[in-house]
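Student: Curious how this folds, go ahead:
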Amino acid sequence: MALTCWQKVRWLLAAILTVVSSASWAQTYVGANLGATFYNDAEKYWLEDESTAYELKGGVRLIDVLAVEMSYLNLGEFLDEYEDRDISYSGSTISAKAILPLGPEMDIYAKIGLFFWERDRQGWRRSYFVDEGESLVIGGGASFNVSDEISVDLEYRRFDLDFGRETLEVDLFSAGISLYFW
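Tutor: Presented below is the predicted three-dimensional model:
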């Protein structure tokens, strides 16, 4: 039985979390983000140019300057004005996170990883699977440590998603909260 891309990512994430979280030096965290997605050149493709995104994430901070993060990311729905249907991209991400601590209250970071996405189209009260793929994700952000266990995160990421025969450039700005476990 062949595994889908989503199933492969889930198995990989489970294996990484199991191995790394058992180490006494690793710090695990979970969190959630809410943000705005902006589709560049949307008018060229007759698309709505923005949407609301959400993300559920988990990760392992291996050392002070390096973490591995996994998430489920939904970039929201946007209207394809040409076909009068809603389109959405969602899927899982896995990223390496390089962290620069700026004291006990703040960290800045850069991320690079992959987004394993599915594109769905909704119309006439039905949802249809259209396509799937993977895209490179780059970005960065800042974490403001409210306490040893809680941080508030501000983040920017850039995606290049397949949209038919074209490439759709997507910017995601988000804010969220993370809960750390020692």
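Student: can you pull the buried residues of the longest strand seen in the chain?
Tutor: Longest strand of the chain, by residue count under DSSP state E: strand 126-145. Neighbour counts over strand 126-145 (16 or more other Cβ atoms under 10 Å) mark 132, 134-135, 137, 139-143, 145 as buried. Every residue, glycine included, has its C-beta placed from N, CA and C.
Student: got CSV for the residues you listed, with pLDDT and distance to residue 54 too?
Tutor: Output for the buried residues of strand 126-145, formatted as CSV (pLDDT from 0 to 100; distance: Cβ to Cβ, whole Å):
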residue, pLDDT, distance to residue 54
132, 86, 20
134, 91, 20
135, 92, 18
137, 95, 16
139, 96, 16
140, 97, 20
141, 97, 16
142, 97, 20
143, 96, 18
145, 94, 23
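Student: coming back round to it: partners of the longest strand of the chain in the sheet?
Tutor: With DSSP bridges as the test, strand 126-145 is paired with strand 106-123 (antiparallel), strand 150-163 (antiparallel).
Student: got a list of what residue 156 touches?
Tutor: Contacts of residue 156 were listed using Cβ atoms under 8 Å, 6 or more residues apart in numbering, and they are 139-141, 171-174.
Student: and of these, the nearest to residue 180?
Tutor: Nearest to residue 180 among these: residue 141, at 15.9 Å, using Cβ to Cβ.
Student: Identify the bridge partners of that closest one.
Tutor: With DSSP bridges as the criterion, residue 141 is bridged to residue 109, residue 155.
Student: Any figure for the gap between residue 176 and residue 52?
Tutor: 13 Å (Cβ to Cβ, to the nearest Å).
Student: Okay, and residue 52 sits in which element?
Tutor: In this structure, residue 52 sits in strand 50-63 according to DSSP states H and E.
Student: which residues touch the nearest residue to residue 104 once chain neighbours are set aside?
Tutor: Of all residues not flanking residue 104 in the chain, residue 145 sits nearest, at 6.5 Å (Cβ to Cβ, 6 or more residues apart in numbering). Shown in contact with residue 145 (Cβ under 8 Å, 6+ apart): 104-107, 151.
Student: Kindly list the single helix or strand of the protein that scores lowest on mean pLDDT.
Tutor: Lowest mean confidence among the helices and strands of the chain (mean pLDDT, DSSP states H and E): helix 5-21, at a mean of 58.
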